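# fold the following for me, if possible:
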Amino acid sequence: RPRLLSRLPHTAMPPPAVVLDLGSARSRAGLATSDAPTVDVPTPASTITRGTPCPAATLALIRTLASSLSVNPHDYDFTISEPLIAEKNSRAKLAAGLFEELGVAGVAFEKAPMLALMGTGRVSGLAVDVGEGLMQ
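Modelled structure (predicted):
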C-alpha cells in the first residue's frame, strides 16, 4: 500500500518566521516565537517615505536585519508589516527582490495593526498605530 509520508524528509519543525516592522524612523526584527523584537535600528533615510518602501534600500535594510538576527534568509519565511494604505506595486517589487536577491524561503505581508493585535494573542480588536511618518 502507498505511504505518502515516507517520501517526505524526516526533519524537525521548520524554523519560525522572521517578523519585520519597517518604519519610517525605526525598523524592528525578531522571530515569530519571541515576545518582542530582538533588533531595533534606525531606518536609513529614503528607505521608507510616507509608508511606501524604496525596494532597493529596503532590501539592503532587510539584509542587515537578517544578519543582525543571525539568520540565513534561504531558511526562513519572512512576515513583513505594511501600512493599511500600502501600494500593491511596491509590495510586488519588494517580494520579487526578496525571492530573487535574498532567496527567502517565503514571504507574507500583513497589515501592521493586525500584527499588533496578533502579538497580544488576539485576532480582533482596535489597534492604533502611531509612527514617525504615518498614523493609522
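# and residue 65, what element?
Per DSSP states H and E: residue 65 is located in helix 55-69.
# follow the chain on from that helix and name the next helix or strand.
That would be, after helix 55-69 and using DSSP H and E, strand 77-82.
# give the next helix or strand downstream of that following strand.
Sequence-wise, the next helix or strand downstream of strand 77-82 (DSSP H and E) is helix 88-97.
# which neighbouring elements make contact with that following helix?
Judged by 3 or more C-beta pairs under 8 Å, 6 or more residues apart in numbering; DSSP states H and E, the packing partners of helix 88-97 are strand 52-53, helix 55-69, strand 106-111. C-betas here are computed from N, CA, C, even on glycine.
# would TSV of the ones you listed with mean neighbour count, distance to residue 119 and mean pLDDT be doable?
Formatted as TSV, these follow (neighbours: other C-beta atoms under 10 Å; distance: least, C-beta to C-beta, whole Å; pLDDT from 0 to 100):
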stretch	mean neighbour count	distance to residue 119	mean pLDDT
strand 52-53	22	21	66
helix 55-69	18	17	89
strand 106-111	15	11	90
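# which one of these lies nearest to residue 31?
Nearest of these to residue 31, taken as C-beta to C-beta: helix 55-69 at 7.2 Å.
# send over the closest one as CSV, restricted to the C-alpha atoms.
Output of helix 55-69 as CSV, limited to C-alpha atoms (Å, rounded to 0.1, in the frame of the first residue of the first chain):
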residue,chain,number,x,y,z
PRO,A,55,12.7,48.4,-2.9
ALA,A,56,16.5,48.6,-3.3
ALA,A,57,17.0,50.5,0.0
THR,A,58,14.5,48.2,1.8
LEU,A,59,16.3,45.1,0.6
ALA,A,60,19.5,46.4,1.9
LEU,A,61,17.8,47.1,5.3
ILE,A,62,16.3,43.6,5.4
ARG,A,63,19.7,42.0,4.6
THR,A,64,21.1,44.0,7.6
LEU,A,65,18.3,42.9,9.9
ALA,A,66,18.6,39.3,8.9
SER,A,67,22.3,39.4,9.5
SER,A,68,21.7,41.0,12.9
LEU,A,69,19.4,38.1,13.8
